[in-house]
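Q: Pasting the sequence and the predicted model now:
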Amino acid sequence: MSDFCGDALSSACFPPYCSFVSSLHLNAVRQFERAADLLGLTDAHRAILASPTNEVIVNFPVSMDDGRIEVLTGYRVQHNNALGPFKGGMRFSPAVDLDEVRALATWMTFKTALVDIPFGGAKGGIAIDPRAYSAEELERIVRRFTFALGSNIGPDHDIPAPDMGTNAQTMVWMMDTYSSMASAADRHTVRRVVTGKTVATGGSRGRDKATGQGLTFVLDAWLNRTGDTIDGKRVAVQGFGNVGEHAARTLVKAGAIVVAVADHTGAIHNPDGMNPEHLWQYTSTHRGIKGAPDGEPLTEEEFWRVDCDVLIPAALENQLCADRARDIQATVVIEGANGPTTPEAEEVLEDRGITVIPDILGNAGGVTVSYFEWVQNRAGDAWTLADVDSRLRRLLHEATDETLAAAKEFACSLRDAAYVVALRRLTTVMDQRGVFP
Ligand code: NAD
């Protein structure tokens, strides 16, 4: 699993040569608006889904190791809970702001609807570089943030999970802090207030690899439906954190070859393929891929032009811009990150006949296994890894098939089709429940 990540984010999020620099939330709204047009949805549906239900901002003091007090700002945006409790990750990165969290929360609503799990959408975070803090400082930050959020999160109300810059340990600190504030009789039942915990503290088997494993299941389903297989596919992965590393591991297990890997420190290339376990060992000790002996170094731009069949952006948003889209060699892009492809790049890829498997499908494995964890916690149960994987595979294959069917029905892109499937579920429930009073 990856170490904390966060540095180099602020300069990397919007490369100067990427002409699309705009609101990420606006991108998210534009994406579902295209599907809303296909379905002929009303202005009321659109207005409700364009506006997050709640936006919580907390400012809280934290003691640093040297005795200073830092006042940090944390966010939790609860986008929509028509289908179930708010659900979504907590991100620690210098680029976190209200607009980014709004966009990420919006995408969560459509992701949970697409895979048909009874959750809504939310996201949160703190604008910090977690690498700049000691483990003790991070623990105090997480606990104080959880305390500041108070009853804005809850086991049947809003359930955080890990995202960029956070991990299972972060979730255990959140769970322990929230439990400590609960009544003595509820301390164990409330542990499902977060998912993505360590297995020892009530996490699900398979949650650590779930997003990468899910990406492999979705790619497998899509290739199978087009008469192809993963076997022998040459893959390039940007980001070697939780998502990228486990995508690489599960793809190689399924017969693919990882020919290029990039992270915030650099990129490497080996046309004969690289072993994800070796890469993980190197990145965990060297805090990045730069200098790994498994391949030849590449520049950042050479990475995007590398000869491969499948390209997986699994780092940050807005990484695949129009200039890069004109040069990529892959025939399919499967989004591991949230929002990695700019709208302009998407047009270039469409013109070039390159398929994009959208984030709300490609990276939905994480929230799906988070749902499994929540169910296991409710039931006081612990499923086997084989059980988790087979349930995940079934749900993601179904979501892929539904997306492909909608793409055929509307002769549209897979992104528009995925939003069509999600919007149908959301608007059915919204219409039946109506608007109170
Ligand atoms: P992480 O913090 O574990 O890893 C992030 C990776 O991105 C690191 O390898 C880092 O080096 C790399 N990176 C950072 N800046 C970069 C840059 N400028 N260029 C190249 N690489 C860079 O984060 P993660 O959990 O793997 O999340 C990655 C993406 O996947 C995010 O968009 C996140 O929202 C999304 N996602 C995560 C999960 C999950 O379960 N963790 C689920 C769904 C979606």
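A: Alright, I've got the coordinates. Residues are numbered from 1 along each chain as shown.
Q: how about low-confidence regions in this protein?
A: Along the chain, segments meeting pLDDT under 70 span 1-22.
Q: What residues does it have near the ligand?
A: 2, 5, 8-9, 12, 162-165, 211, 238-244, 262-264, 314-316, 336-338, 363, 366 (C-beta under 6 Å from any ligand atom). Any C-beta I mention is one placed from the backbone N, CA and C, and that applies to glycine too.
Q: Pull out the buried residues from these.
A: Neighbour-count burial (16 or more other C-beta atoms under 10 Å) applied to the residues of the chain next to the ligand gives 2, 5, 8-9, 162-165, 211, 238-244, 262-264, 314-316, 336-338, 363, 366.
Q: Please flag which of those residues sit within helices.
A: Using DSSP state H, the subset of those located in helices is 9, 211, 242-244, 366.
Q: What is the most widely separated pair among those?
A: Set against one another by C-beta to C-beta, these have their most distant pair in Leu9 and Gly366, with a gap of 19.7 Å.
Q: For the stretch 51-200 of the chain, which residue gets nearest to the ligand?
A: Residue nearest to the ligand within the stretch 51-200 of the chain (C-beta to the nearest ligand atom): Met164, separated by 3.8 Å.
Q: let me redo that: the chain
A: For the chain, C-beta to the nearest ligand atom, closest residue to the ligand: Gly241, 1.7 Å.
Q: Wait, that residue touches Asp163, no?
A: No: the pair formed by Gly241 and Asp163 falls short of the contact definition of C-beta atoms under 8 Å, at 10.0 Å.
Q: If we go by neighbour counts, what in the helix ranked longest in the chain is buried?
A: The longest helix of the chain (DSSP H) is helix 385-410. Neighbour-count burial for helix 385-410 flags 388-389, 391-393, 395-397, 399-400, 402-404, 406-407 (criterion: 16+ other C-beta under 10 Å).
Q: Kindly report the same for stretch 258-272.
A: So for stretch 258-272, counting by 16+ other C-beta under 10 Å, buried means 258-270.
Q: try stretch 302-315
A: Residues of stretch 302-315 classed as buried under the neighbour-count rule (16+ other C-beta under 10 Å) are 303-306, 308-315.
Q: if we can go back for a sec, on contacts alone, who are the packing partners of the longest helix of the chain?
A: Where contact means 3 or more C-beta pairs under 8 Å, 6 or more residues apart in numbering; DSSP states H and E, helix 385-410 is packed against helix 98-114, helix 210-225, helix 359-362, helix 365-379, helix 414-433.
Q: Tell me the helices and strands packed up against the fourth one.
A: What it means is helix 365-379. strand 86-92, helix 98-114, strand 158-162, helix 210-225, helix 385-410.
Q: Dump the C-alpha coordinates for it into PDB.
A: Once non-C-alpha atoms are left out, helix 365-379 reads as follows in PDB (Å, rounded to 0.1, in the frame of the first residue of the first chain):
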ATOM      1  CA  GLY A 365     -14.800  -1.100  -6.600                       C
ATOM      2  CA  GLY A 366     -13.600   0.900  -3.500                       C
ATOM      3  CA  VAL A 367     -17.000   2.200  -2.500                       C
ATOM      4  CA  THR A 368     -18.600  -1.200  -3.300                       C
ATOM      5  CA  VAL A 369     -16.300  -3.000  -0.900                       C
ATOM      6  CA  SER A 370     -16.800  -0.200   1.600                       C
ATOM      7  CA  TYR A 371     -20.500  -1.000   1.400                       C
ATOM      8  CA  PHE A 372     -19.700  -4.700   2.100                       C
ATOM      9  CA  GLU A 373     -17.600  -3.600   5.100                       C
ATOM     10  CA  TRP A 374     -20.600  -1.600   6.400                       C
ATOM     11  CA  VAL A 375     -22.900  -4.600   5.900                       C
ATOM     12  CA  GLN A 376     -20.500  -6.900   7.700                       C
ATOM     13  CA  ASN A 377     -20.200  -4.400  10.600                       C
ATOM     14  CA  ARG A 378     -24.000  -4.200  10.900                       C
ATOM     15  CA  ALA A 379     -24.300  -8.000  10.900                       C
END
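Q: Give me the buried positions along that helix.
A: Buried residues in helix 365-379 (16+ other C-beta under 10 Å): 365-377.
Q: just the last one next, same as before
A: Of the residues in helix 414-433, those buried by neighbour count under the rule 16+ other C-beta under 10 Å are 414-427, 430.
Q: before we move on, back to that, spatially, which two of the buried residues of helix 385-410 are the most separated?
A: Val388 and Ala407, at 28.4 Å, using C-beta to C-beta across the buried residues of helix 385-410.
Q: So Lys197 lies in a helix, does it not?
A: No: Lys197 is assigned coil when assessed by DSSP: H, G, I helix; E, B strand; the rest coil, not a helix.
Q: list the contacts for it?
A: 168, 171-172, 175, 191, 203, 207, 373 (C-beta atoms under 8 Å, 6 or more residues apart in numbering).
Q: Just give me how far the host helix or strand of Gln31 sits from the chain centre.
A: Element membership for Gln31, per DSSP states H and E: helix 24-39. Centroid separation for helix 24-39 versus its chain: 19 Å, with C-alpha atoms, centre = their mean, to the nearest Å.
Q: how about the CA coordinates for that helix, as PDB?
A: This file holds the C-alpha atoms of helix 24-39, laid out as PDB (Å, rounded to 0.1, in the frame of the first residue of the first chain):
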ATOM      1  CA  LEU A  24     -14.100  20.900 -11.200                       C
ATOM      2  CA  HIS A  25     -17.600  21.000  -9.800                       C
ATOM      3  CA  LEU A  26     -18.800  22.600 -13.100                       C
ATOM      4  CA  ASN A  27     -17.100  19.700 -14.900                       C
ATOM      5  CA  ALA A  28     -19.100  17.200 -12.800                       C
ATOM      6  CA  VAL A  29     -22.400  19.100 -13.400                       C
ATOM      7  CA  ARG A  30     -21.700  19.200 -17.200                       C
ATOM      8  CA  GLN A  31     -21.100  15.500 -17.200                       C
ATOM      9  CA  PHE A  32     -24.500  14.600 -15.700                       C
ATOM     10  CA  GLU A  33     -26.200  17.300 -17.700                       C
ATOM     11  CA  ARG A  34     -25.300  15.500 -21.000                       C
ATOM     12  CA  ALA A  35     -27.000  12.400 -19.700                       C
ATOM     13  CA  ALA A  36     -29.900  14.500 -18.400                       C
ATOM     14  CA  ASP A  37     -30.400  15.800 -21.900                       C
ATOM     15  CA  LEU A  38     -30.500  12.300 -23.300                       C
ATOM     16  CA  LEU A  39     -33.200  11.400 -20.700                       C
END
